[in-house]
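Peer 1: below are the sequence and a predicted model for it; my questions follow.
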Amino acid sequence: MNETPIFRHVAEGWLDVAQRGLIRDQIWFGGASIRDRAGARYRHAAMPGHETLVLRDAVLVPEPFAVIDRDGITRAGTTPSKPAEPADTVLLSNAVAPMAAGASVPLGRFLGNSLSIASMQRAMFGEIGFAGPPLTPPQADALAAMGLLGAYTPLSEPVRVEKLLLTLQKGQGFSRMIRPAIETLRFAAEPYEVNPRIAILEPVTRTRFTRGNQFGFQAWLRAQSFAFLDPDAMRLGNTQLGLFDLISVLAAARLVVIDDPAQAPLLGFCDPGTIVIQLGIDGWPDGAIATCARLFSLEWRLVLAFAPHYPVRGPLPLGERKMLRTEIDIAALGAALASVEGDVLPMKA
(Lines give C-alpha, C1' and ligand atoms only; values in the text may rest on other atoms or scores of the structure.)
Protein backbone atom coordinates (compact mmCIF):
# COMPACT_ATOMS: atom_id res chain seq x y z
CA MET A 1 0.00 0.00 0.00
CA ASN A 2 1.26 3.47 -0.86
CA GLU A 3 -1.24 5.60 1.02
CA THR A 4 -0.98 7.21 4.42
CA PRO A 5 -4.23 8.33 6.05
CA ILE A 6 -3.45 11.54 7.89
CA PHE A 7 -6.86 12.88 8.85
CA ARG A 8 -10.47 11.70 8.98
CA HIS A 9 -12.47 14.92 8.99
CA VAL A 10 -16.01 13.59 9.37
CA ALA A 11 -17.84 10.29 8.99
CA GLU A 12 -20.82 9.69 6.73
CA GLY A 13 -24.19 10.43 8.29
CA TRP A 14 -27.72 11.68 7.75
CA LEU A 15 -29.35 15.10 7.91
CA ASP A 16 -33.00 15.69 8.76
CA VAL A 17 -33.94 18.24 6.09
CA ALA A 18 -37.57 18.68 7.21
CA GLN A 19 -37.51 19.22 10.96
CA ARG A 20 -41.23 19.99 11.06
CA GLY A 21 -42.01 16.82 9.14
CA LEU A 22 -43.02 16.22 5.54
CA ILE A 23 -46.51 17.67 5.73
CA ARG A 24 -48.45 17.32 2.51
CA ASP A 25 -49.56 20.62 0.92
CA GLN A 26 -47.33 22.51 3.35
CA ILE A 27 -43.81 21.12 2.83
CA TRP A 28 -44.31 18.73 -0.08
CA PHE A 29 -46.75 18.89 -2.97
CA GLY A 30 -47.83 16.45 -5.65
CA GLY A 31 -50.70 15.03 -7.64
CA ALA A 32 -53.15 12.40 -6.42
CA SER A 33 -51.26 9.62 -8.16
CA ILE A 34 -48.06 10.38 -6.22
CA ARG A 35 -47.60 8.13 -3.23
CA ASP A 36 -48.22 9.66 0.17
CA ARG A 37 -45.40 7.64 1.78
CA ALA A 38 -42.65 10.10 0.82
CA GLY A 39 -41.29 9.29 4.27
CA ALA A 40 -37.67 8.94 5.29
CA ARG A 41 -36.20 8.80 1.79
CA TYR A 42 -37.16 12.45 1.26
CA ARG A 43 -36.94 13.67 4.84
CA HIS A 44 -33.40 12.41 5.50
CA ALA A 45 -30.52 13.28 3.18
CA ALA A 46 -27.18 11.50 3.17
CA MET A 47 -24.21 13.52 4.42
CA PRO A 48 -20.86 12.51 2.90
CA GLY A 49 -17.76 11.90 4.95
CA HIS A 50 -14.27 13.22 4.17
CA GLU A 51 -10.77 11.89 4.78
CA THR A 52 -7.36 13.00 3.58
CA LEU A 53 -4.59 10.67 2.38
CA VAL A 54 -1.08 11.10 1.11
CA LEU A 55 -0.30 9.24 -2.14
CA ARG A 56 3.28 8.80 -3.30
CA ASP A 57 4.14 8.85 -7.01
CA ALA A 58 0.50 9.12 -8.07
CA VAL A 59 -0.61 10.09 -11.57
CA LEU A 60 -2.92 13.08 -11.99
CA VAL A 61 -4.97 12.95 -15.21
CA PRO A 62 -6.62 16.27 -16.18
CA GLU A 63 -9.20 15.02 -18.72
CA PRO A 64 -11.22 13.10 -17.84
CA PHE A 65 -10.16 14.02 -14.32
CA ALA A 66 -8.64 11.12 -12.39
CA VAL A 67 -6.15 10.36 -9.64
CA ILE A 68 -4.38 7.01 -10.08
CA ASP A 69 -2.08 5.62 -7.43
CA ARG A 70 1.19 3.89 -8.25
CA ASP A 71 -0.55 0.50 -8.09
CA GLY A 72 -2.78 1.56 -10.99
CA ILE A 73 -5.92 1.99 -8.88
CA THR A 74 -8.17 4.98 -9.64
CA ARG A 75 -8.63 6.79 -6.33
CA ALA A 76 -10.73 9.72 -7.58
CA GLY A 77 -12.50 10.73 -10.76
CA THR A 78 -13.11 8.56 -13.83
CA THR A 79 -10.97 5.59 -14.79
CA PRO A 80 -9.30 6.42 -18.14
CA SER A 81 -10.33 4.32 -21.14
CA LYS A 82 -6.65 3.58 -21.76
CA PRO A 83 -3.67 3.57 -19.39
CA ALA A 84 -2.51 7.07 -18.48
CA GLU A 85 0.97 7.88 -19.73
CA PRO A 86 2.32 10.62 -17.50
CA ALA A 87 4.75 13.20 -18.77
CA ASP A 88 8.37 12.88 -17.69
CA THR A 89 8.05 15.98 -15.53
CA VAL A 90 7.13 15.50 -11.89
CA LEU A 91 5.22 18.16 -9.95
CA LEU A 92 7.32 19.10 -6.96
CA SER A 93 5.98 20.96 -3.98
CA ASN A 94 5.65 20.43 -0.27
CA ALA A 95 2.47 18.70 -1.38
CA VAL A 96 0.13 18.98 -4.36
CA ALA A 97 -3.63 18.57 -4.06
CA PRO A 98 -5.69 17.58 -7.13
CA MET A 99 -8.69 19.68 -8.09
CA ALA A 100 -11.57 18.59 -10.33
CA ALA A 101 -12.24 21.58 -12.59
CA GLY A 102 -12.75 22.64 -16.18
CA ALA A 103 -15.78 22.91 -18.43
CA SER A 104 -17.04 19.42 -17.56
CA VAL A 105 -17.52 20.34 -13.87
CA PRO A 106 -20.71 22.34 -13.14
CA LEU A 107 -20.09 25.59 -11.27
CA GLY A 108 -22.08 24.51 -8.20
CA ARG A 109 -20.19 21.25 -7.92
CA PHE A 110 -16.87 23.05 -8.35
CA LEU A 111 -17.67 25.49 -5.55
CA GLY A 112 -19.28 22.89 -3.29
CA ASN A 113 -16.64 20.20 -3.72
CA SER A 114 -13.38 21.31 -5.38
CA LEU A 115 -13.10 24.84 -3.98
CA SER A 116 -14.45 23.96 -0.53
CA ILE A 117 -12.00 21.08 -0.16
CA ALA A 118 -9.12 23.25 -1.42
CA SER A 119 -9.85 26.03 1.07
CA MET A 120 -10.02 23.48 3.89
CA GLN A 121 -6.72 21.91 2.77
CA ARG A 122 -4.98 25.27 2.67
CA ALA A 123 -6.29 26.17 6.14
CA MET A 124 -5.21 22.84 7.65
CA PHE A 125 -2.04 21.95 5.77
CA GLY A 126 -0.50 25.33 4.93
CA GLU A 127 1.27 26.31 1.71
CA ILE A 128 0.33 23.46 -0.61
CA GLY A 129 -0.04 23.59 -4.37
CA PHE A 130 -3.06 22.63 -6.48
CA ALA A 131 -3.28 21.12 -9.95
CA GLY A 132 -5.96 20.01 -12.39
CA PRO A 133 -7.57 20.81 -15.74
CA PRO A 134 -7.55 24.35 -17.21
CA LEU A 135 -10.02 26.52 -15.32
CA THR A 136 -13.12 28.20 -16.69
CA PRO A 137 -13.33 31.99 -16.07
CA PRO A 138 -15.73 31.73 -13.10
CA GLN A 139 -13.62 28.96 -11.56
CA ALA A 140 -10.52 31.14 -11.88
CA ASP A 141 -12.40 34.07 -10.32
CA ALA A 142 -13.44 31.90 -7.39
CA LEU A 143 -9.88 30.70 -6.77
CA ALA A 144 -8.60 34.26 -7.02
CA ALA A 145 -11.15 35.46 -4.46
CA MET A 146 -9.98 32.74 -2.07
CA GLY A 147 -6.30 33.61 -2.62
CA LEU A 148 -5.60 30.23 -4.25
CA LEU A 149 -5.21 31.05 -7.94
CA GLY A 150 -1.46 31.62 -7.72
CA ALA A 151 -1.03 28.14 -6.24
CA TYR A 152 -2.91 26.43 -9.08
CA THR A 153 -1.14 24.65 -11.95
CA PRO A 154 -3.32 23.91 -15.02
CA LEU A 155 -2.47 20.64 -16.73
CA SER A 156 -2.84 19.63 -20.37
CA GLU A 157 -1.60 16.04 -19.96
CA PRO A 158 -1.14 13.45 -17.19
CA VAL A 159 1.71 14.09 -14.77
CA ARG A 160 3.29 12.13 -11.96
CA VAL A 161 3.14 13.76 -8.55
CA GLU A 162 5.77 12.96 -5.96
CA LYS A 163 3.52 13.71 -2.98
CA LEU A 164 -0.20 14.09 -3.60
CA LEU A 165 -2.55 15.25 -0.86
CA LEU A 166 -5.94 13.73 -1.69
CA THR A 167 -9.11 14.55 0.25
CA LEU A 168 -11.72 11.94 -0.60
CA GLN A 169 -15.45 12.39 -0.26
CA LYS A 170 -17.15 9.26 1.05
CA GLY A 171 -20.69 9.20 -0.30
CA GLN A 172 -22.80 11.53 -2.42
CA GLY A 173 -24.10 15.04 -1.81
CA PHE A 174 -22.66 17.98 0.11
CA SER A 175 -21.64 18.50 3.71
CA ARG A 176 -21.13 21.52 5.95
CA MET A 177 -17.57 21.71 4.58
CA ILE A 178 -19.03 23.87 1.78
CA ARG A 179 -20.00 26.75 4.07
CA PRO A 180 -16.70 28.63 4.59
CA ALA A 181 -15.88 28.98 0.88
CA ILE A 182 -19.45 29.82 -0.13
CA GLU A 183 -19.79 32.43 2.61
CA THR A 184 -16.44 34.01 1.69
CA LEU A 185 -17.52 34.42 -1.93
CA ARG A 186 -20.95 35.69 -0.90
CA PHE A 187 -19.51 38.54 1.13
CA ALA A 188 -17.17 39.50 -1.71
CA ALA A 189 -20.24 40.53 -3.75
CA GLU A 190 -22.81 43.28 -3.22
CA PRO A 191 -26.39 42.10 -3.84
CA TYR A 192 -28.52 43.89 -6.40
CA GLU A 193 -32.02 42.83 -7.29
CA VAL A 194 -32.60 41.94 -10.91
CA ASN A 195 -35.51 39.60 -10.27
CA PRO A 196 -36.56 38.23 -6.88
CA ARG A 197 -37.78 35.04 -8.60
CA ILE A 198 -35.07 32.80 -10.05
CA ALA A 199 -35.32 29.39 -11.75
CA ILE A 200 -32.29 27.07 -12.04
CA LEU A 201 -33.13 24.11 -14.28
CA GLU A 202 -30.98 21.11 -15.10
CA PRO A 203 -29.80 21.12 -18.75
CA VAL A 204 -30.97 18.31 -21.02
CA THR A 205 -27.35 17.21 -21.43
CA ARG A 206 -27.20 16.17 -17.74
CA THR A 207 -30.72 15.14 -16.80
CA ARG A 208 -31.73 11.47 -16.82
CA PHE A 209 -35.34 12.26 -17.67
CA THR A 210 -37.45 13.57 -20.51
CA ARG A 211 -40.21 15.95 -19.44
CA GLY A 212 -43.19 15.68 -21.71
CA ASN A 213 -44.38 19.17 -20.78
CA GLN A 214 -41.00 20.92 -20.62
CA PHE A 215 -41.91 23.81 -22.93
CA GLY A 216 -45.26 24.40 -21.28
CA PHE A 217 -43.62 24.27 -17.86
CA GLN A 218 -41.02 26.88 -18.82
CA ALA A 219 -43.71 29.11 -20.34
CA TRP A 220 -45.66 28.83 -17.09
CA LEU A 221 -42.60 29.89 -15.05
CA ARG A 222 -42.12 32.90 -17.33
CA ALA A 223 -45.75 33.84 -16.81
CA GLN A 224 -45.07 33.75 -13.06
CA SER A 225 -42.23 36.28 -13.58
CA PHE A 226 -39.33 33.88 -13.02
CA ALA A 227 -35.94 34.67 -14.58
CA PHE A 228 -33.91 31.69 -15.81
CA LEU A 229 -30.38 31.42 -14.43
CA ASP A 230 -28.02 29.13 -16.37
CA PRO A 231 -24.80 28.68 -14.35
CA ASP A 232 -23.21 26.53 -17.08
CA ALA A 233 -23.53 29.33 -19.66
CA MET A 234 -23.25 32.05 -16.98
CA ARG A 235 -26.40 33.75 -18.22
CA LEU A 236 -29.51 35.24 -16.64
CA GLY A 237 -32.01 35.17 -19.48
CA ASN A 238 -30.07 36.79 -22.31
CA THR A 239 -27.65 38.64 -20.03
CA GLN A 240 -24.08 37.38 -19.68
CA LEU A 241 -22.82 37.20 -16.10
CA GLY A 242 -19.52 37.07 -14.31
CA LEU A 243 -19.15 35.03 -11.14
CA PHE A 244 -19.85 37.95 -8.83
CA ASP A 245 -22.83 39.05 -10.93
CA LEU A 246 -24.28 35.58 -10.42
CA ILE A 247 -23.63 35.75 -6.69
CA SER A 248 -25.25 39.19 -6.49
CA VAL A 249 -28.36 38.01 -8.34
CA LEU A 250 -28.81 35.06 -5.98
CA ALA A 251 -28.06 37.18 -2.91
CA ALA A 252 -31.06 39.35 -3.81
CA ALA A 253 -33.37 36.47 -4.76
CA ARG A 254 -36.35 35.74 -2.52
CA LEU A 255 -37.78 32.67 -4.25
CA VAL A 256 -35.81 30.01 -6.14
CA VAL A 257 -37.18 27.07 -8.13
CA ILE A 258 -34.46 24.49 -8.75
CA ASP A 259 -34.16 20.90 -9.98
CA ASP A 260 -30.39 20.64 -10.64
CA PRO A 261 -28.55 18.90 -7.76
CA ALA A 262 -25.15 19.80 -9.24
CA GLN A 263 -25.92 23.51 -8.75
CA ALA A 264 -27.33 23.13 -5.22
CA PRO A 265 -24.32 24.84 -3.50
CA LEU A 266 -25.22 28.07 -5.33
CA LEU A 267 -28.19 28.31 -2.97
CA GLY A 268 -25.67 29.28 -0.29
CA PHE A 269 -25.48 32.74 -1.88
CA CYS A 270 -29.13 33.36 -0.96
CA ASP A 271 -30.02 35.09 2.29
CA PRO A 272 -31.34 32.96 5.16
CA GLY A 273 -35.10 32.62 4.88
CA THR A 274 -35.14 32.60 1.08
CA ILE A 275 -37.72 30.10 -0.15
CA VAL A 276 -36.38 27.21 -2.23
CA ILE A 277 -38.82 25.01 -4.14
CA GLN A 278 -37.18 21.81 -5.30
CA LEU A 279 -38.62 19.99 -8.30
CA GLY A 280 -38.20 16.31 -7.51
CA ILE A 281 -39.44 13.07 -9.07
CA ASP A 282 -41.47 10.49 -7.22
CA GLY A 283 -39.31 7.50 -6.36
CA TRP A 284 -36.00 9.18 -7.32
CA PRO A 285 -34.96 11.15 -4.22
CA ASP A 286 -31.86 13.34 -4.33
CA GLY A 287 -30.97 15.12 -1.11
CA ALA A 288 -28.40 17.64 -2.42
CA ILE A 289 -30.83 20.55 -2.80
CA ALA A 290 -32.58 19.94 0.52
CA THR A 291 -29.21 19.56 2.27
CA CYS A 292 -27.89 22.89 0.97
CA ALA A 293 -31.16 24.59 1.89
CA ARG A 294 -30.83 23.29 5.45
CA LEU A 295 -27.11 24.14 5.73
CA PHE A 296 -27.79 27.78 4.76
CA SER A 297 -31.06 28.25 6.70
CA LEU A 298 -33.32 28.46 3.66
CA GLU A 299 -37.03 27.55 3.58
CA TRP A 300 -37.26 24.30 1.58
CA ARG A 301 -40.33 22.96 -0.22
CA LEU A 302 -40.62 19.87 -2.44
CA VAL A 303 -42.81 19.44 -5.51
CA LEU A 304 -42.85 15.85 -6.76
CA ALA A 305 -43.34 15.08 -10.44
CA PHE A 306 -45.02 11.87 -11.45
CA ALA A 307 -42.94 8.69 -11.28
CA PRO A 308 -41.13 8.11 -14.59
CA HIS A 309 -42.15 5.38 -16.97
CA TYR A 310 -40.48 3.48 -19.79
CA PRO A 311 -42.15 3.40 -23.22
CA VAL A 312 -41.54 -0.36 -23.38
CA ARG A 313 -44.31 -1.11 -25.87
CA GLY A 314 -43.31 1.38 -28.49
CA PRO A 315 -40.30 3.20 -29.92
CA LEU A 316 -38.96 6.42 -28.50
CA PRO A 317 -40.28 9.57 -30.19
CA LEU A 318 -38.19 10.78 -33.11
CA GLY A 319 -35.02 12.47 -31.84
CA GLU A 320 -35.56 11.37 -28.24
CA ARG A 321 -32.59 9.71 -26.49
CA LYS A 322 -33.77 9.16 -22.91
CA MET A 323 -35.91 6.24 -21.84
CA LEU A 324 -37.24 7.73 -18.58
CA ARG A 325 -40.23 10.02 -19.17
CA THR A 326 -42.17 12.15 -16.70
CA GLU A 327 -44.07 15.43 -16.46
CA ILE A 328 -43.83 18.36 -14.09
CA ASP A 329 -47.00 18.66 -12.01
CA ILE A 330 -47.67 22.33 -12.76
CA ALA A 331 -50.79 22.39 -10.59
CA ALA A 332 -48.75 21.16 -7.62
CA LEU A 333 -46.07 23.78 -8.30
CA GLY A 334 -48.78 26.43 -8.45
CA ALA A 335 -50.11 25.24 -5.09
CA ALA A 336 -46.59 25.41 -3.62
CA LEU A 337 -46.15 28.98 -4.88
CA ALA A 338 -49.53 30.00 -3.51
CA SER A 339 -48.66 28.52 -0.12
CA VAL A 340 -45.51 30.62 0.27
CA GLU A 341 -46.63 33.91 -1.24
CA GLY A 342 -47.05 35.53 2.15
CA ASP A 343 -43.70 34.17 3.38
CA VAL A 344 -41.48 35.75 0.70
CA LEU A 345 -39.22 38.25 2.44
CA PRO A 346 -38.95 41.75 0.92
CA MET A 347 -35.60 43.13 -0.20
CA LYS A 348 -34.28 45.65 2.30
CA ALA A 349 -33.28 49.04 0.95
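Peer 2: Happy to help now that I have it. Residues are numbered from 1 along each chain as shown.
Peer 1: determine how far the host helix or strand of residue 245 lies from the middle of the whole chain.
Peer 2: Taking DSSP states H and E as the definition, residue 245 sits inside helix 243-251. Offset of helix 243-251 from its chain centre (CA atoms, centre = their mean, to the nearest Å): 16 Å.
Peer 1: and that helix, what does it pack onto?
Peer 2: Other elements packing on helix 243-251 under the criterion 3 or more CB pairs under 8 Å, 6 or more residues apart in numbering; DSSP states H and E are helix 137-145, helix 179-186, strand 227-230, strand 235-236. (Each C-beta comes from the backbone N, C-alpha and C, glycine too.)
Peer 1: which of those sits closest to residue 17?
Peer 2: Nearest to residue 17, of all those, is helix 179-186, at 15.8 Å by CB to CB.
Peer 1: ok so, going back, now the helix holding residue 245 against helix 179-186, angle please.
Peer 2: 100 degrees (axes from the mean of the first three to the mean of the last three CA atoms, to 10 degrees).
Peer 1: can you list contacts of helix 243-251?
Peer 2: 107, 137-138, 141-142, 145, 185-186, 188-192, 194-195, 198, 229, 231, 234, 236, 241, 256, 266-267, 269-271 (CB atoms under 8 Å, 6 or more residues apart in numbering).
Peer 1: indicate which one of the helices and strands packed on helix 243-251 is closest to residue 301.
Peer 2: strand 227-230 (18.4 Å).
Peer 1: returning to what we had before: which element follows the helix holding residue 245 toward the C-terminus?
Peer 2: Next element after helix 243-251 (DSSP H and E): strand 255-258.
Peer 1: pairing partners for the very next helix or strand once past that following strand, with directions?
Peer 2: Next in sequence after strand 255-258, counting helices and strands by DSSP H and E, comes strand 275-281. Partners of strand 275-281 in the sheet, by DSSP bridges, are strand 255-258 (parallel), strand 299-305 (parallel).
Peer 1: averaged pLDDT, strand 275-281. What do you get?
Peer 2: When pLDDT is averaged along strand 275-281, the result is 91.
Peer 1: how far is it from where the chain is centred?
Peer 2: That offset, for strand 275-281, works out to 14 Å (CA atoms, centre = their mean).
Peer 1: show me where the protein dips below the pLDDT cut-off.
Peer 2: 1-5, 31-41, 83-84, 87-89, 92-93, 308-323, 342-349 (pLDDT under 70).
Peer 1: let's go with 50 and repeat that
Peer 2: Within the chain, the segments meeting pLDDT under 50 span 1, 36, 38-39, 349.
Peer 1: okay, now the domains of it?
Peer 2: With domains defined by automatic domain parsing, the chain comprises 18-47+191-343, 49-170.
Peer 1: so residue 302 touches residue 281, yeah?
Peer 2: No: with contact defined as CB atoms under 8 Å, residue 302 does not count as touching residue 281 (10.6 Å).
Peer 1: more neighbours: these two, which one.
Peer 2: residue 302 (24 against 21; other CB atoms under 10 Å).
Peer 1: kindly provide the distance from the closest residue to that one other than its chain neighbours to residue 231.
Peer 2: Excluding the flanking residues, the one nearest residue 302 by CB to CB, 6 or more residues apart in numbering is residue 28, at 4.2 Å. To residue 231, residue 28 is 26 Å away according to CB to CB, to the nearest Å.
Peer 1: residue 179: which of the strands paired with strand 275-281 is closest?
Peer 2: Of those, nearest to residue 179 by CB to CB is strand 299-305, at 16.5 Å.
Peer 1: list the buried ones in the following helix or strand past the closest one?
Peer 2: Next along the chain after strand 299-305, taking DSSP H and E as the criterion, comes strand 324-326. Using 16 or more other CB atoms under 10 Å as the test for burial, strand 324-326 gives 325, 326.
Peer 1: kindly report the same for stretch 66-86.
Peer 2: 66, 67, 68, 69, 75, 76, 77, 80, 84, 86.
Peer 1: over to residue 59: give its phi and psi.
Peer 2: Dihedral pair for residue 59: phi -110, psi 130, per degrees, to the nearest 10.
Peer 1: quick one, what contacts it?
Peer 2: Per CB under 8 Å, 6+ apart, neighbours of residue 59: 66, 67, 68, 70, 84, 86, 158, 159, 160, 161.
Peer 1: please repeat the previous calculation with a cut-off of 7 Å.
Peer 2: 68, 84, 86, 158, 160 (CB atoms under 7 Å, 6 or more residues apart in numbering).
Peer 1: identify whichever of the domains of the chain lies nearest to residue 6.
Peer 2: domain 49-170 (5.6 Å).
Peer 1: which ones are touching the residue nearest the centre of the chain?
Peer 2: Ranked by distance to the mean C-alpha position of the chain (CA atoms, centre = their mean), the top residue is residue 262 at 2.8 Å. Contacts for residue 262 were tallied using CB under 7 Å, 6+ apart; they are 106, 108, 109, 206.
Peer 1: can you pick the most crowded of these?
Peer 2: Most surrounded of the contacts of residue 262: other CB under 10 Å gives residue 108, at 26 neighbours.
Peer 1: does it touch residue 266 like I think?
Peer 2: Yes: if you go by CB atoms under 7 Å, residue 108 and residue 266 touch, sitting 4.8 Å apart.
Peer 1: between those two, what contacts are shared?
Peer 2: With CB under 7 Å, 6+ apart as the test, residue 108 and residue 266 both reach residue 231.
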